[in-house]
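Peer 1: Pasting a predicted model and its sequence here:
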Amino acid sequence: MKDILNHFTWFFDGAILFYVILIISSYLLLAYYSAKALIEYLRVSKFINPHELMASPLSPSVSLIAPAYNEANTIVENVRSLLAIQYPHLEVIVVNDGSKDETLQLLIDAYALVPSNELVYHQIKAKEIKTIYKSTKPVFENLRVIDKANGGKADALNCGLNVASSEYIACIDVDCVLAQDAIIKMIQPFLSGSSPCIATGGVIRIANSCIIEDGRLIDVILPDNFLARFQVLEYIRAFLMGRMGWSKADGLLLISGAFGIFNKEIAIKAGGYDHNTVGEDMELIVRMRRYMIERNQKYRVEFIPDPLCWTEAPSTYKVLGRQRNRWMRGTIETLLQHKVMFFNPKYKVLGMLSYPYWLFFEWLAPIIEIVGLLYFLILLLLGQPNYIFSLSLFALVYAFAMFMSTLAILFDELTFHQYKRKRDIFKLLLVALIEPFIHHPMVVRWGIQGNIDFLKGKKSWGDMTRTGFTKKEKK
Amino acid sequence: MKKVRIYIEDWVRSFDFEVTEGLWLVWLSSIILLFLAICFFVAVVISRYRKDYISRWELDFNQKVEALLLELIYGGYLSYEAWKSALSFDKFEKKYLQKARGQKLFIQIIATLRSRLNGEDATRLAEVYRKTGLYKTSLASLDNTSWQAKAAGIRELGALNYVEAVPAITLLSDYPHEAVRSMAQVALIQLDDSDPFGFLDALQNPISKSTMIRLHGAMLQKTSLELTTFARWLKSSHPDVVLFAATMSGLFNAAEDAQLLAQLIKHEQVRIAKAAIVSLEQLGAQETLTKEISKWNDFPLEIQLQLIQSLRNLDFRDEEMILRWLQSDFFEIVKAAIELYTDFKDLDSIRTTLNNLPPHDNLIEIKNQYAHFERMHLS
């Protein structure tokens, strides 16, 4: 019996160590690719003059689609922020997805909206449009508000896709604050390069405690709330080191639903957003990429590292838990829906690297972590714990977490230098020290809960309570 | 390596732990990672303080350079020695100015200042660049192996009007790297008065949308350009050159090109055909576009849609033709036709027209959509 147990522990220790080495190698490779991509991006950016695009009649048109559901508290200000974005040919489409509150009426009053007669070509299936509104004020002539029956975020985005008249569509969360030059920067990959770009994703940053005035970001401050601070670090790591690296390796599988620009024609041909998943943003990108690969068409999906979109992060464990639970379910749904790609050489980097990465290190990581912990506890109960091995592994993982976090902060500091106050940088470094002990276990817990809820067939989004942005006090 | 291994294993044993074979590597990795994390930590802190210091220094330096330049151009003297021995620079700054980086920064400041000045002042500033010999730094960049150095050099030469660089820049106008190519093409428009678009003749590499926007911007800024025709490039074998010429014909109102543009509507590349239609619309060539309708069935859907759109913008009113479009199997065509029809007809007559159409596959859907459209209109 003891021999069997010894063999088992030997095998299990080896498997865990192998998994850890594999995950560390992947992250190191991603960090390397990210560094390369960041340097390249900064070099090319020096030769881009945004004013040329602003002044040119040749700049492509962009339709900005923002779905809104029960956003009465912030909708007027949020739409004002969208209307303030600098871009020459921009159409702002707000889709009121059957809100039960005053969202629509507030928009009608604030922007002097009246029904307009438009014939909509329903290229993608979406719930019925009740009315399309336009403003009577010339200053808001690029605003359209669609009132439709409730159908969820994906349905609202599809409805926006049907109504949009531009070549490119920017899909955003209505509560996000975009940088003034967000569209100018995000549209650049569509205008250059040897192969056509079908989508670009942008970095999402945390706006809690930042000063927002008239829908514009005035001052970037590290959040007071500790939970939001953890997310700041997570976002810097995920965007500057994860997605940037995947973009360079041509394996980007996710463009955040909070802000992304797509080629409308390809998005429609690929079938638009999927109503049956809570991870509709990831699913659309995977489908668009599959569409291009399966037709042997050259294409690119790019990622822009500039901090262009600012969002309010959940500031309570309850709300954050719901969000992470949904993200996990969305990942599982998308991966299962496109399982044909798994280690399929036809899909190149996507099938051979990205898909397995998402499967083993995003979906299965919390499960493997919990299994490892249970294994240690069982050995402890049996009186056979391998302290030195567990301690070594813990030291390695902690050292690596520190390495990645400090490297991410360094990337941010050397490139976009967002937190101007010195104390913010020190606070962020402190967060990096304690994050593995406080925040990470919670993330694992929510990941496990997401798996359980997926098995139970849960499809809901869960309420996302927001407290609103910090406004500049008027003296 | 052996020594490191023994050292780590002894260290682990000092905690009364049993050392497993190979585990020392895990410890070594952890120590290296932790050490690197501390290095990054220190680097972040140093970078923060360094950045603050450099930005303060640069601001001060820029102000000094700008003040000196203004003194040079308004003071009426332009000598190399004047700026070199300027008393306002301290020892470090003077040394910095001797280095390539310092000179590059100096050129950048001149170029930025020149973009803010007009007429005589701008010319005098370009003279500073010439007389101080700073153009040599820019010219030397063209031979640099790095694409960024080349692109920056070209940009400086173009912005500061160093026309003698045209032959050297022409050689880079078809460079494989897009940024270099694009900068060279823009610079040639800025500098080459005799044949600003000559580079298009031998172009092999593509012209991206972004380059086209940049070239158009440069053309608008160069007021001395007389652009009456782009015919020479409308016949090019390079599709991007044809697209560029077709687009510019419309934007610069090159009426002479109407006939060639009309021929391009049949071009195998949809983007070129669409650009030709848009340009004909910009030239106000309704007659030419109306003639093209006779070949309607030969055109792909996108071209048909562009034609309707352009004709609508030109106040097209041919009811017979609109009726034909209303019978299309394609919803996009019917939608465009209804939109065009509503410009001059009331909803009743459109409804009657739709009701009298012969049945086809999409007609029920089209009628449903139209009913919805009408409901929205009436509400």
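Peer 2: Done, it's in. The structure displayed is predicted, hence computed values, not measured ones.
Peer 1: Now do the buried residues in stretch A:265-275.
Peer 2: A:266-268, A:270-274 (16 or more other Cβ atoms under 10 Å in any protein chain shown). All C-beta atoms are positioned from the backbone trio N, CA, C, and that covers glycine.
Peer 1: Tell me which entries of those lie within helices.
Peer 2: Judged by DSSP state H, the buried residues of stretch A:265-275 include A:266-268 as members of helices.
Peer 1: Can you redo those as TSV, where the extra columns are distance to chain B and pLDDT?
Peer 2: Below are these laid out as TSV (distance: Cβ to the nearest Cβ, whole Å; pLDDT from 0 to 100):
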residue	distance to chain B	pLDDT
A:Ile266	14	96
A:Ala267	16	97
A:Ile268	12	96
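Peer 1: Could you pick out the residues of the stretch 151-300 of chain B near chain A for me?
Peer 2: For the stretch 151-300 of chain B, the residues in contact with chain A (Cβ under 8 Å from any Cβ of the partner chain) are B:151-152, B:155, B:178-179, B:182-183, B:206, B:208-214, B:216-217, B:247, B:251.
Peer 1: show me what contacts the closest residue to A:Ala35 other than its chain neighbours?
Peer 2: Nearest residue to A:Ala35 in three dimensions, chain neighbours excluded: A:Phe411, at 7.3 Å (Cβ to Cβ, 6 or more residues apart in numbering or on different chains). Listed by Cβ atoms under 8 Å, 6 or more residues apart in numbering or on different chains, the contact partners of A:Phe411 are A:34-35, A:38, A:236, A:240-241.
Peer 1: Max pairwise distance over those residues: which two?
Peer 2: A:Ala35 and A:Ile236 (14.0 Å; Cβ to Cβ).
Peer 1: Angles on the backbone of the nearest residue to A:Asp224 once chain neighbours are set aside, please.
Peer 2: Of all residues not flanking A:Asp224 in the chain, A:Ser209 sits nearest, at 5.2 Å (Cβ to Cβ, 6+ apart). Per-residue torsions, A:Ser209: phi 70, psi -10 (degrees, to the nearest 10).
Peer 1: what kind of secondary structure is B:Phe41 in?
Peer 2: Using DSSP: H, G, I helix; E, B strand; the rest coil, the structure places B:Phe41 in helix.
Peer 1: coming back round to it: and A:Ala35 and A:Ile236? Which one has more around it.
Peer 2: Between A:Ala35 and A:Ile236, counted using other Cβ atoms under 10 Å in any protein chain shown, the more crowded position is A:Ile236 (26 against 20).
Peer 1: which regions of the stretch 351-475 of chain A sit below the pLDDT cut-off?
Peer 2: Across the stretch 351-475 of chain A, the ranges flagged by pLDDT under 70 are A:461-475.
Peer 1: in it, which spans are strands?
Peer 2: For the stretch 351-475 of chain A, applying DSSP state E, counting those that start in this stretch gives strands covering A:470-471.
Peer 1: Near chain B, which residues of it are found?
Peer 2: So far as Cβ under 8 Å from any Cβ goes, the stretch 351-475 of chain A lies against chain B at A:386-389, A:391-393, A:395-396, A:398-400, A:402-403, A:405-407, A:409-410, A:413-414, A:417, A:422, A:425, A:429.
Peer 1: so what's the backbone phi/psi at the residue of the stretch 51-200 of chain A found nearest chain B?
Peer 2: Residue of the stretch 51-200 of chain A nearest chain B, by Cβ to the nearest Cβ: A:Asn117 (3.3 Å). Dihedral pair for A:Asn117: phi -100, psi 100, per degrees, to the nearest 10.
Peer 1: Tell me which entries of the residues of the stretch 351-475 of chain A next to chain B lie within helices.
Peer 2: Among these, DSSP H puts A:387-389, A:391-393, A:395-396, A:398-400, A:402-403, A:405-407, A:409-410, A:413-414, A:422, A:425, A:429 in helices.
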